[in-house]
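K.L.:
Pasting the sequence and the predicted model now:
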Amino acid sequence: MEVKHLDFNIEKEGGSKSIMITSNTVWNVTNNPSWLKFPTNRAFGNTDLIFSCDSNITFYPRNAKFNISATGTKTFDLSVKQNAIS
């Protein structure tokens, strides 16, 4: 299994990003925070997994770490940062 794009920055207005997953087995997204929206947390095979988030209406930036893994393979640690309103 291989995962490309491990670090993401999202503007305060929100938006979406894509994670390229290359896999010949079932993979899982774990430890994802509630403010990130994934269409699925589990799938089989190769995919461009697109996730999104709404605008950050607080005065504090948001940071999150989550994982993508498959049984018997390396666990990939990903991070997302979202700016706060000014």
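P.N.:
Sure, I can see it.

K.L.:
Please name the bridge partners of the residue nearest the centre of the chain.
P.N.:
For the chain, the residue nearest the mean C-alpha position is F51 (6.0 Å; C-alpha atoms, centre = their mean). F51 has these beta-bridge partners by DSSP bridges: K17.

K.L.:
and it, what is it in contact with?
P.N.:
Counting by C-beta atoms under 8 Å, 6 or more residues apart in numbering, F51 touches 16-17, 19, 32, 36-39. For the C-beta atoms, the positions are set from N, CA and C on the backbone; glycine is no exception.

K.L.:
quick one: average confidence on stretch 69-84?
P.N.:
The average of the pLDDT scores along stretch 69-84 is 96.

K.L.:
now E2, nearest residue through space, not along the chain?
P.N.:
Excluding the flanking residues, the one nearest E2 by C-beta to C-beta, 6 or more residues apart in numbering is T22, at 4.3 Å.
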